[in-house]
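Novice: dropping a prediction and its sequence here:
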There are 2 protein chains.
Amino acid sequence: MKIIVDRIFFICNNQNNVNVYVKGLTIRMRPTINDVAKQAGVSTATVSRIINKQTGYTAETRQKVVNIIQEIGYKPNAIARGLVNKRTKTIGVLLPSLSSRLASALLKGIENSAHQLDYSVIICNTESDGKRTIEYLDVLSEKQIDGIIITSEWLKDVYEEAIEAMKIPVILVLTSSSHLQIPYIKVDDYRASYQATKYLIGRGHKEIGMISGTKKDKLAGFPRIKGYKQALSDNRLTISEDRIVYGDFAYKSGIRCMEELLERSPGITALFAASDEMAVGALSCAYKKGVKVPDDLSIIGYDDTQDAEMAIPPLTTVHQPIYEMGEKAVEMLLNTKEAAGSVVMPHHIVERDSVRTME
Amino acid sequence: MKIIVDRIFFICNNQNNVNVYVKGLTIRMRPTINDVAKQAGVSTATVSRIINKQTGYTAETRQKVVNIIQEIGYKPNAIARGLVNKRTKTIGVLLPSLSSRLASALLKGIENSAHQLDYSVIICNTESDGKRTIEYLDVLSEKQIDGIIITSEWLKDVYEEAIEAMKIPVILVLTSSSHLQIPYIKVDDYRASYQATKYLIGRGHKEIGMISGTKKDKLAGFPRIKGYKQALSDNRLTISEDRIVYGDFAYKSGIRCMEELLERSPGITALFAASDEMAVGALSCAYKKGVKVPDDLSIIGYDDTQDAEMAIPPLTTVHQPIYEMGEKAVEMLLNTKEAAGSVVMPHHIVERDSVRTME
DNA sequence: CTGAAAGCGCTTACAG
DNA sequence: CTGAAAGCGCTTACAG
């Protein structure tokens, strides 16, 4: 092949490989550390030291090298670097969904913290699918990432095996592990929902329903139901399975649950929803059926995502510090000084306009 | 097991998957292609061929090697592979925000499509910050990613320079470039907002306000204002700057804009908001002030994110195929067969309950 | 202060 | 069908 060009910037051979730099042509290969070294008349070792801000060179050589780097627009190849350093400055995040505001807030916290620490984050949307999750775990492992954050989802045994096999630091957020001692970050779901229910009781409500998440969910599901029931029984109020209805934390299931609840237990005056999204679904359903919130029915949510703020009426809810949990997860994951312990974050109730006080 | 060693370096080939290299402390290293080759009694070249499903080995050697791989739990190192292949099977996505449902939907489409094509995606939350954007561009470049998707944000000149310098395929989503010929995917913002306004006019509205995005925004801002004005003038309706108010596409600005509008132009009967989030902000404000939607005021949004569906009342809005745009962006980015051209996706109006017909 | 050389874990002509 | 060897672009003892 013959190419005729009008202006050649410079040509340099590294090993048996020729880089030609021409203006207006796309055959430009990226300059390597070799190119820099050759142009500067030093060894790659010296260039490397300078790039990595180590010691062992005069101010003069430094200047010379820095100039060349500027001139030819050299950027270190992180892949080559990663191969020798065995660190990729990249972490992976597993999320069961990308659609919820919960996921967004978490991701935002994670991404922000990672960026500050000079790490990149790879997202993996598992859709709660087992096969897909394992695929992601494999890919992340092969890509030699420095750590994994797994969020919101209960760890199946196969996941735990895979995690153990890959020997990579893992932090759990909004979930925890049964067999493995993996550090987690979450709130006390049992206490939080106990308090949410108690809040309703404190406002004079005696007939309280619940829109729960998945019943089998060992974290966001079961403990929240337990807290709700305990609060009821501690206050000698009726616990009825008829008043508990099961969704999947998402908006649409909130609508469906509300319909069911309105039909099965029309007597309730208040409602605890295990996620803001489901609470908003309940709100939509109530709006459609002409049930006024909070006049006819009080609703308290869970999470305090932006959904709660944006709801009409604005939703009283249990605040989880989601963004902060994301940030903290990264810090814990990347802190090599000390072994990470688990942390239970504080929660509190945010009062807005969806709960009324009964006379 | 107890090992006490100082600086001895020994290798123990467990029959299970682990080589134990000890040097003062215990580090478990992953098996490499070398370990596989040695155990199987073949060369690394052969193992490589087998892993990559090339030709050049007997069924017998294949079986032998595959067995060893299973046995010691070998997984190829994608970093080493990337170094020689010059492909990392990773793409980067730049988003100005991670908080909106628009961003979530886009990201979901991108991630899903990428996963299907066996690519990973690194997320970069620029927060519309120039310095931060350049940092991300640098990192992505150094990490040798195979392509970049830039979303929602107008490209500053410095970005374009950086992009051009890195010689990496780029696709734009919901935005486009002024100087460079970078392929983009978007809807026709001018026509879409023309139609949204015309929809309102068709419902009998004559006094129509607008909550716009950033005025200077050359894409989601200016063209949408232009479409709104053109529809008005084509129907001989009053255009008044008093009826246009400027937000930033986010919820809170929607509230603020609505307050302003209600004060400045109380006469309007309908409102076009340049994003669903701002429309929901307007809804919240209206709710607070006792303005009934759609009875007192009709509202049409833009985007058709889940916000529109979840709103009370459900929001009539302009549908952008956001998820699909994300998917398509990845396909275009990774399609090496043909040079990607830009594509303008179809939009349409989704009728819900926030617009009433005037008698 | 500086450079030659080995090595990170792969792939790929090339030769047999 | 198979392996020796070079090389991808770096970093890091080691020696001077």
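Specialist: Yes, it's here. Numbering: from 1, shown residues only, chains lettered A, B, ... in the order given.
Novice: hey, where'd the strands end up in chain A?
Specialist: In chain A, the strands defined using DSSP state E lie at A:8-14, A:17-22, A:90-95, A:120-125, A:147-151, A:170-173, A:184-187, A:208-212, A:244-246, A:270-273, A:298-303, A:316-319, A:343-345, A:348-350.
Novice: would a markdown table of those with mean pLDDT be doable?
Specialist: Putting the strands of chain A into a markdown table (pLDDT from 0 to 100) gives the following:
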| stretch | mean pLDDT |
| --- | --- |
| strand A:8-14 | 42 |
| strand A:17-22 | 43 |
| strand A:90-95 | 98 |
| strand A:120-125 | 98 |
| strand A:147-151 | 97 |
| strand A:170-173 | 96 |
| strand A:184-187 | 96 |
| strand A:208-212 | 97 |
| strand A:244-246 | 95 |
| strand A:270-273 | 98 |
| strand A:298-303 | 98 |
| strand A:316-319 | 98 |
| strand A:343-345 | 97 |
| strand A:348-350 | 98 |
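Novice: for these, give me CSV that also has distance to DNA strand C.
Specialist: C-beta: built from backbone N, CA, C; applies to glycine. CSV is the format used below for those (distance: least, C-beta to the nearest atom of the strand, whole Å):
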stretch, distance to DNA strand C
strand A:8-14, 12
strand A:17-22, 12
strand A:90-95, 16
strand A:120-125, 19
strand A:147-151, 18
strand A:170-173, 21
strand A:184-187, 30
strand A:208-212, 46
strand A:244-246, 45
strand A:270-273, 48
strand A:298-303, 42
strand A:316-319, 45
strand A:343-345, 33
strand A:348-350, 48
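Novice: now the ones you listed as TSV including distance to residue B:262?
Specialist: Below are the strands of chain A laid out as TSV (distance: least, C-beta to C-beta, whole Å):
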stretch	distance to residue B:262
strand A:8-14	61
strand A:17-22	61
strand A:90-95	39
strand A:120-125	40
strand A:147-151	41
strand A:170-173	41
strand A:184-187	39
strand A:208-212	35
strand A:244-246	39
strand A:270-273	32
strand A:298-303	28
strand A:316-319	26
strand A:343-345	40
strand A:348-350	27
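Novice: quick one: closest of those to DNA strand D.
Specialist: Smallest distance to DNA strand D across the strands of chain A (C-beta to the nearest atom of the strand): 3.8 Å, for strand A:17-22.
Novice: per-residue pLDDT, the nearest residue to residue A:197 once chain neighbours are set aside?
Specialist: Leaving aside its sequence neighbours, residue A:197 sits nearest to residue A:231 (C-beta to C-beta, 6 or more residues apart in numbering or on different chains; 3.6 Å). pLDDT, residue A:231: 97.
Novice: which parts of chain A are helices?
Specialist: A:33-40, A:44-51, A:59-72, A:78-85, A:101-116, A:130-142, A:157-166, A:189-202, A:222-234, A:251-264, A:276-289, A:306-310, A:322-334 (DSSP state H).
Novice: the residue nearest to residue A:197 and residue A:299: what is the separation?
Specialist: 16 Å (C-beta to C-beta, to the nearest Å).
Novice: can you tell me which of the helices of chain A has the worst average pLDDT?
Specialist: Looking at the helices of chain A, the weakest mean confidence is helix A:157-166, a mean of 90.
Novice: list the helices and strands that one packs on?
Specialist: Helices and strands touching helix A:157-166, by 3 or more C-beta pairs under 8 Å, 6 or more residues apart in numbering or on different chains; DSSP states H and E, are helix A:130-142.
Novice: what residues sit buried inside the helix it packs on?
Specialist: Judged by neighbour count using 16 or more other C-beta atoms under 10 Å in any protein chain shown, the buried positions of helix A:130-142 are A:133-134, A:136-137, A:139-142.
Novice: again with stretch A:255-270
Specialist: So for stretch A:255-270, counting by 16+ other C-beta under 10 Å, buried means A:255-262, A:264-265, A:268-270.
Novice: distance to DNA strand C added to the helices of chain A, as CSV?
Specialist: What follows is the helices of chain A, written out as CSV (distance: least, C-beta to the nearest atom of the strand, whole Å):
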stretch, distance to DNA strand C
helix A:33-40, 8
helix A:44-51, 3
helix A:59-72, 4
helix A:78-85, 4
helix A:101-116, 24
helix A:130-142, 8
helix A:157-166, 13
helix A:189-202, 41
helix A:222-234, 41
helix A:251-264, 44
helix A:276-289, 43
helix A:306-310, 44
helix A:322-334, 21
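Novice: dump the ones you listed to JSON lines, plus distance to residue A:346.
Specialist: Below are the helices of chain A laid out as JSON lines (distance: least, C-beta to C-beta, whole Å):
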{"stretch": "helix A:33-40", "distance to residue A:346": "49"}
{"stretch": "helix A:44-51", "distance to residue A:346": "44"}
{"stretch": "helix A:59-72", "distance to residue A:346": "48"}
{"stretch": "helix A:78-85", "distance to residue A:346": "38"}
{"stretch": "helix A:101-116", "distance to residue A:346": "16"}
{"stretch": "helix A:130-142", "distance to residue A:346": "30"}
{"stretch": "helix A:157-166", "distance to residue A:346": "28"}
{"stretch": "helix A:189-202", "distance to residue A:346": "10"}
{"stretch": "helix A:222-234", "distance to residue A:346": "16"}
{"stretch": "helix A:251-264", "distance to residue A:346": "26"}
{"stretch": "helix A:276-289", "distance to residue A:346": "18"}
{"stretch": "helix A:306-310", "distance to residue A:346": "18"}
{"stretch": "helix A:322-334", "distance to residue A:346": "10"}
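Novice: quick one, which of these gets closest to residue B:72.
Specialist: Between residue B:72 and the helices of chain A, the tightest spacing by C-beta to C-beta is seen for helix A:157-166, at 11.3 Å.
Novice: CA atoms only for the closest one, dumped as PDB, please.
Specialist: Extracted C-alpha coordinates of helix A:157-166, given in PDB (Å, rounded to 0.1, in the frame of the first residue of the first chain):
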ATOM      1  CA  ASP A 157     -25.800 -19.500  46.900                       C
ATOM      2  CA  VAL A 158     -24.300 -19.600  43.400                       C
ATOM      3  CA  TYR A 159     -23.500 -15.900  43.600                       C
ATOM      4  CA  GLU A 160     -21.700 -16.500  46.900                       C
ATOM      5  CA  GLU A 161     -19.700 -19.300  45.400                       C
ATOM      6  CA  ALA A 162     -18.700 -17.100  42.400                       C
ATOM      7  CA  ILE A 163     -17.800 -14.200  44.700                       C
ATOM      8  CA  GLU A 164     -15.700 -16.400  46.800                       C
ATOM      9  CA  ALA A 165     -13.900 -17.900  43.900                       C
ATOM     10  CA  MET A 166     -12.900 -14.500  42.400                       C
END
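Novice: give me the contacts around it.
Specialist: With contacts defined as C-beta atoms under 8 Å, 6 or more residues apart in numbering or on different chains, helix A:157-166 is touched by A:130, A:133-134, A:137-138, A:140-141, A:148, A:150, A:155, A:170, A:177-180, A:182, B:17, B:73.
Novice: identify each buried residue in it, please.
Specialist: Those would be A:159-160, A:162-163, A:165-166, for helix A:157-166 by 16+ other C-beta under 10 Å.
Novice: next one: stretch A:55-75
Specialist: A:57, A:61, A:64-65, A:68-69, A:72, A:74-75.
Novice: who's in contact with it?
Specialist: A:10, A:21, A:30-33, A:35-36, A:39-42, A:46-47, A:49-51, B:138, B:141-142, B:165.
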